[in-house]
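In: give the three-dimensional model of this entry:
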Amino acid sequence: MKKIGIVDTTFARYDMAASAIDELYAYGTGFVVERYTVPGIKDIPVACKILFEDYQCDLVMAFGMPGPMPVDKMSAQIASTGIMEVQLQEKMHIIEVFVHEDEAKNDAELAWLCDRRAREHALNAYNLLFDRDKLTRNAGMGLRQGFEDKGPAMDGGSGSHKH
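Out: Residues are numbered from 1 along each chain as shown. The predicted structure follows:
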């Protein structure tokens, strides 16, 4: 049985973890979820480390919602760097799922974006654990989590480059 860790914050204005957990259980089986909620975005890296070391998680999803101010952007970058460090130390994936509050035009769009990005990244997390070939089949397809996909730069997305 695999274990998926979920880290989220009380600072976020939407419960992205709940969306991800709902999507995970609707999509597949063979795992349990361990949720760890922290106050803010800079608390996420240590929570990820705790989930790997103390709870033996196989993968962690890290949810955060940086605000629109410059200090929020700086905090997000610091948290992201910490998340990368934990990934390298543990040799385990952390799917960083940040939705910046200023990505959306209004609260309704923000809620929609949070839910959609969380659900789409939940599928990525599941596939990293159980079906990595599915991710490989989508390589180069310009997939985005949240807003609309961009699509491949070349017709067919075959990955071959014409010179």
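
In: for stretch 101-108, which residues meet the burial criterion?
Out: 101, 103-104 (16 or more other CB atoms under 10 Å). For every residue, glycine as well, the C-beta is placed using N, CA and C.

In: ignore what I typed, I meant stretch 115-135.
Out: For stretch 115-135, by 16+ other CB under 10 Å, it's 115-129.

In: cool, stretch 40-54 as well?
Out: Quick answer for stretch 40-54 (16+ other CB under 10 Å): 40-45, 47-52.

In: using TSV, lay out these together with secondary structure and pLDDT.
Out: Shown next, in TSV, are those (DSSP: H, G, I helix; E, B strand; the rest coil; pLDDT from 0 to 100):
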residue	secondary structure	pLDDT
40	coil	95
41	helix	96
42	helix	96
43	helix	97
44	helix	98
45	helix	98
47	helix	98
48	helix	98
49	helix	98
50	helix	98
51	helix	98
52	helix	98
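
In: so which of those comes closest to residue 14?
Out: Using CB to CB, residue 41 is the member of these that sits closest to residue 14, with 13.9 Å.

In: for the closest one, which residues are in contact?
Out: 9, 11, 64-66, 75-76, 79, 98 (CB atoms under 8 Å, 6 or more residues apart in numbering).

In: repeat that for 10 Å
Out: 7, 9, 11-12, 62-67, 72, 75-80, 82-83, 98 (CB atoms under 10 Å, 6 or more residues apart in numbering).

In: just residue 136 next, same as before
Out: Residue 136 neighbours (CB under 10 Å, 6+ apart): residue 127.

In: can I take it that it is in a strand?
Out: No - using DSSP: H, G, I helix; E, B strand; the rest coil, the secondary structure at residue 136 is helix, not a strand.

In: all strands for this protein, in order.
Out: 2-9, 31-38, 59-64, 94-98 (DSSP state E).

In: with distance to residue 138, mean pLDDT and mean neighbour count as extra columns, can I get these in CSV?
Out: CSV is the format used below for those (distance: least, CB to CB, whole Å; pLDDT from 0 to 100; neighbours: other CB atoms under 10 Å):
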stretch, distance to residue 138, mean pLDDT, mean neighbour count
strand 2-9, 20, 98, 23
strand 31-38, 21, 98, 16
strand 59-64, 18, 98, 27
strand 94-98, 15, 98, 23
